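Trainee: Need a 3D model of the following:
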Amino acid sequence: MDRLRSWCPLPGCPRPAVLLCFLILAASFLVYPMLRTLSLQLHSAITGSYISGTHSIVFVNCPNEQIARDIARTILAKKLAASVNILPKTSSLFFWKGEIEEATEILLLIKTKTSKVLKLSSFIRLVHPFEIPEVFSLPMDQGDVHYLKWLEEGMEED
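Mentor: Numbering: from 1, shown residues only. This next block holds a predicted model:
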């Protein structure tokens with residue numbers, strides 16, 4: 001008993017077993033997300049099921065159809081996405097530099113891997129004519145297994 005007191009000289013200091021339990025608990029909370037991801041990937045590989053959030057849909061507005069087509073083709077050529085839908089003539093109202101603006105824009109729906117969203121966003125900022133292009137993504141929760149597999153194959157590097 002004297003040995004424990006000499007290890008922790010402060011009165012009311014928790015015992016080493018309590019500290020050890022606290023450290024194990026803290027480490028468990030820190031490692032949990034990584035372990036969960038790895039277990040989901042293993043489960044998906046074994047069962048062939050889809051992991052929610054593996055793919056995303058990225059929304060991008062363009063000023064006209066030609067720019068939208070050019071951006072879409074380049075994204076596909078660079079394998080940053082497997083599919084792009086070009087939706088015609090979206091009416092947009094937005095604040096720009098303190099004023100309410102109105103414009104007709106073309107909406108791109110880009111289907112990609114969630115892991116490629118950051119690279120895709122950076123690329124769009126480089127080639128897009130808007131000062132601040134509208135780029136945001138939503139994760140895909142579920143989808144047809146064959147379609148999702150096709151998405152994966154469409155983004156494989158040669």
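Trainee: for this structure, what are the low-confidence residue spans?
Mentor: Within the chain, the segments meeting pLDDT under 70 span 1-16, 36-41, 43-45, 47-52, 158.
Trainee: so where do the strands sit in it?
Mentor: Applying DSSP state E to the chain gives strands spanning 55-62, 83-96, 99-113, 135-139.
Trainee: most packed of those?
Mentor: strand 55-62 (a mean of 21; mean count of other CB atoms under 10 Å). For every residue, glycine as well, the C-beta is placed using N, CA and C.
Trainee: Give me the contacts around it.
Mentor: For strand 55-62, contacts defined as CB atoms under 8 Å, 6 or more residues apart in numbering pick out 68, 71, 81, 90, 92, 105-114, 117, 120-121, 124, 128, 130, 133-140, 143, 148, 151.
Trainee: ok, now with 7 Å
Mentor: Contacts with strand 55-62, where a contact means CB atoms under 7 Å, 6 or more residues apart in numbering, come from 68, 71, 90, 92, 105-114, 117, 120, 124, 133-140, 148, 151.
Trainee: same check, this time on stretch 66-74
Mentor: In contact with stretch 66-74 (CB under 7 Å, 6+ apart) are residues Cys62, Val84, Ile86, Ile106, Leu108, Ile124, Val127, His128, Pro129.
Trainee: Wait, the fifth one touches Ile86, no?
Mentor: Read it as Leu108. Yes: the pair Leu108 and Ile86 passes the contact test of CB atoms under 7 Å, sitting 6.1 Å apart.
Trainee: Tell me the spacing between Ile132 and Asn85.
Mentor: From Ile132 over to Asn85 the distance is 23 Å, taken as CB to CB, to the nearest Å.
Trainee: same question, Phe130
Mentor: From Phe130 to Asn85 the distance is 19 Å (CB to CB).
Trainee: what do you get for Ile100?
Mentor: 28 Å.
Trainee: Quick check: closest non-adjacent residue to the residue nearest the centre of the chain.
Mentor: Centroid check for the chain by CA atoms, centre = their mean gives Thr114 as the closest residue, at 4.1 Å. Spatially, and ignoring its direct neighbours in sequence, Thr114 is nearest to Ser56 (4.6 Å; CB to CB, 6 or more residues apart in numbering).
Trainee: Leu108 too?
Mentor: Nearest one to Leu108, counting by CB to CB, 6+ apart, is Val60 at 4.3 Å.
Trainee: what is that neighbour paired to in the beta sheet?
Mentor: For Val60, the residues forming beta bridges with it (DSSP bridges) are Leu108, Val135.
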